[in-house]
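In: coords please:
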Amino acid sequence: MKNNLGTFFGLSRLGVGAAFLALCAFNPVSRADVIVNNLPGNGFTSAGSSGQGTLSLGEVFTPGSDESLSSVTLSLNFSASDSASVYLYDTSSGAPTGTGTLLGSVSQSSSIINGLNNALTGGTAYAIVLGPENSPGNMSWNNTTTTGSGGTGSLGGAYSFDGVNWNQNTGINFQMEVSAVPEVPMTGVVMGFGALAIAVGGTLRRKLRPAVSSIA
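Out: Sure thing, here's the model as predicted:
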């Protein structure tokens, strides 16, 4: 019975502990970090809406560290059923630039985009952009006068694209929550391999001892 208690699925006590350490090393984070969040539920009040219509609207944010974008939630209003695409843009001189990467779409039934895996560099500004759609402007993106972010990152202001230039909407931020999973550090990966090696090595030594003893 003592020997049976000393093993668990073929591993010694030391092996079980090392294997658990390896699992923790390879999976150091089970939660998502909030980078920015100025949604009404975070204590901020709405300062009205900004019509989407034929304009692209963008909110700039900067993550505090290297992370992997996991979800985006927008605070939207609808006068009728509508939908729009959401993109991740790089920035230049504080404003969105380039064509952006499609993250997904939002609609009256869902303003949350989950399951993302876009690498973000800490200290680098990005923009979440609500793209123009072929609609009569049934959708609007709520804004707020607060400059707080409610997360580990910071907000950089609201922008609108007039077809030629990105122009900042001074004094407001669009309401959104951006969450991410922190990058796994290389030290964690190395520790994981080391712990696995300890677990496997301990198990092999335990199994080889009886065989060596019987030969002797």
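
In: if I pick the residue nearest to Gly48 when sequence neighbours are not counted, what's in contact with it?
Out: Nearest in space to Gly48, with sequence neighbours left out and distances taken as Cβ to Cβ, 6 or more residues apart in numbering, is Asn143 at 6.5 Å. Where C-beta positions appear, they are placed from N, C-alpha and C, glycine not excepted. By Cβ atoms under 8 Å, 6 or more residues apart in numbering, the contact list for Asn143 reads 46-50, 158, 169, 172-175.

In: filter the residues you listed to the buried ones?
Out: For the contacts of Asn143, a burial check counting by 16 or more other Cβ atoms under 10 Å picks out 49-50, 158, 169, 172-175.

In: With respect to pLDDT, which of these ranks lowest?
Out: Taken together, those show their lowest pLDDT at Ser50, with 62.

In: Kindly indicate whether Ser149 is helix, strand or coil.
Out: Put simply, Ser149 is coil when judged by DSSP: H, G, I helix; E, B strand; the rest coil.

In: The helix or strand encompassing Leu102: partners in the sheet, and parallel or antiparallel?
Out: Element membership for Leu102, per DSSP states H and E: strand 95-107. Here strand 95-107 is paired, per DSSP bridges, with strand 83-92 (antiparallel).

In: how about low-confidence regions in the protein?
Out: Within the chain, the ranges that satisfy pLDDT under 70 run 1-31, 50-53, 133-136, 183-216.

In: Next, Gly41: phi, psi?
Out: Gly41 adopts backbone torsions of phi -70, psi -10, taken as degrees, to the nearest 10.

In: So it versus Pro182, what's the distance?
Out: 23 Å (Cβ to Cβ, to the nearest Å).

In: Compare these two and say which is more crowded by neighbours.
Out: Neighbour comparison, Gly41 and Pro182: the larger count goes to Pro182, with 17 against 12 (by other Cβ atoms under 10 Å).

In: thought that one was touching Glu67?
Out: Yes. Between Pro182 and Glu67 a contact is recorded at 5.3 Å, counting by Cβ atoms under 8 Å.

In: so what's in contact with those two at the same time?
Out: Listed contacts common to Pro182 and Glu67 are Asp33; contacts here mean Cβ under 8 Å, 6+ apart.

In: where's Leu69, which helix or strand?
Out: Element membership of Leu69 [criterion: DSSP H and E] is strand 67-74.

In: Name the next helix or strand downstream of that strand, please.
Out: Assignment by DSSP H and E places the next element after strand 67-74 at strand 76-78.

In: Mind listing the strands that next one pairs with, and their directions?
Out: Paired neighbours of strand 76-78 in the sheet (DSSP bridges): strand 139-144 (antiparallel).

In: returning to that earlier point: how near is the residue nearest to Gly48 to Tyr126?
Out: Per Cβ to Cβ, Asn143 is found 18 Å from Tyr126.

In: Same check on Ala158?
Out: Using Cβ to Cβ, Ala158 is found at 14 Å from Tyr126.

In: One more: Val60?
Out: The value you get for Val60 to Tyr126, if Cβ to Cβ is used, is 7 Å.

In: about what we covered before: now flag whichever of the buried ones among the contacts of Asn143 is closest to Gly98.
Out: Closest approach to Gly98 among the buried ones among the contacts of Asn143 (Cβ to Cβ): Ala158, at 18.3 Å.
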